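In: based on what follows, work out the 3D shape:
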Amino acid sequence: MSWIRYIADMLHLASMIILILKIRNSRNCIGISSKTQEIYLIVFCLRYLDLFFYFISPYNTLMKIGFISATVYTIYLIRFKKPYCTTYEPSQDNFPHLLYLLPAAGVLALIIHSDFSFFEMIWSYSIWLEAFAIVPQLYLLQRMGEVENITSNYVITLGLYRFFYIFHWYGGF
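Out: Here you go, the predicted model:
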């Protein structure tokens, strides 16, 4: 594993920890898009289907399970766990992701992929969908007008994770 991927993974993990700590410590989820988290859950569940078929390494397996678990936990806090869920504003988090983002990722996966096999198409779809996942979060922040520092730290860390992963993928080709 390259050091660039390791940095990217640690930044991704840090973004998830920042988000969970923000929700728990502030006792609210104001400014956090549940739709972004739900898209990430779709991304991880599709991309990490290989957990059922291949073992790569303990690190790889633990990170994948950790990403899925942290995302499920974040959605649970935002949608169901009191007092956090009482501060979630679905009327503000209203980007039509089912109408635009999921179909767009599907079209791009059909057009741009390396092989027309089931797992390659699922993987390609998850890559495109992850590229769009931040859109509901950015839309929510734009609608709110102001952003808490910790929320901006989450968004910046998430962006840095994607930045490092681009270099990781570039180095792989």
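In: quick one: the helices in the chain?
Out: Using DSSP state H, the helices found in the chain span residues 3-26, 34-47, 58-79, 101-111, 118-132, 135-144, 149-172.
In: ranking those by burial, who's on top?
Out: Highest mean neighbour count of these: helix 34-47, a mean of 21 (counted as mean count of other Cβ atoms under 10 Å). Quick note: C-beta positions are derived from backbone N, CA and C, even for glycine.
In: now do it: which elements does it pack against?
Out: For helix 34-47, the helices and strands in contact under the criterion 3 or more Cβ pairs under 8 Å, 6 or more residues apart in numbering; DSSP states H and E are helix 58-79, helix 101-111, helix 118-132, helix 135-144.
In: what's the mean pLDDT across that helix?
Out: Helix 34-47 comes out with an average pLDDT of 96.
In: what's in contact with the lowest-mean-pLDDT helix or strand in the chain?
Out: One helix or strand of the chain scores below all others by mean pLDDT, DSSP states H and E: helix 149-172, with a mean of 79. Helix 149-172 is contacted from outside by 2, 4-5, 7-9, 11-12, 14-15, 18-19, 21-22, 26, 31-32, 131, 134, 137-138, 141, 147, using Cβ atoms under 8 Å, 6 or more residues apart in numbering.
In: in the protein, which residue is most central in space?
Out: Here the mean C-alpha position of the chain is nearest to the C-alpha of Y40 (Cα atoms, centre = their mean), at a distance of 3.5 Å.
In: for this structure, give me the ranges with low pLDDT.
Out: Along the chain, segments meeting pLDDT under 70 span 1, 169, 171-173.
In: and the gap between the residue in the chain sticking out farthest from the centre and S124?
Out: Distance from the centre of the chain peaks at F116, with 24.9 Å (Cα atoms, centre = their mean). Distance from F116 to S124, counting by Cβ to Cβ, to the nearest Å: 10 Å.
In: what of Y40?
Out: Applying Cβ to Cβ, the value for Y40 to S124 is 17 Å.
In: same thing with T36?
Out: Distance from T36 to S124, by Cβ to Cβ: 20 Å.
In: now swap in E89 and tell me
Out: E89 sits 34 Å away from S124, going by Cβ to Cβ.
In: check Y84 too.
Out: Going from Y84 to S124 by Cβ to Cβ gives 34 Å.
In: next up, the contacts around the closest residue in space to Y48 that isn't next to it in sequence.
Out: Nearest residue to Y48, sequence neighbours excluded (Cβ to Cβ, 6 or more residues apart in numbering): K64, at 4.4 Å. With contacts defined as Cβ under 8 Å, 6+ apart, K64 is in contact with 44, 48, 51.
In: equivalent analysis for M63, please.
Out: Each residue near M63 by Cβ under 8 Å, 6+ apart is listed here: 9, 13.
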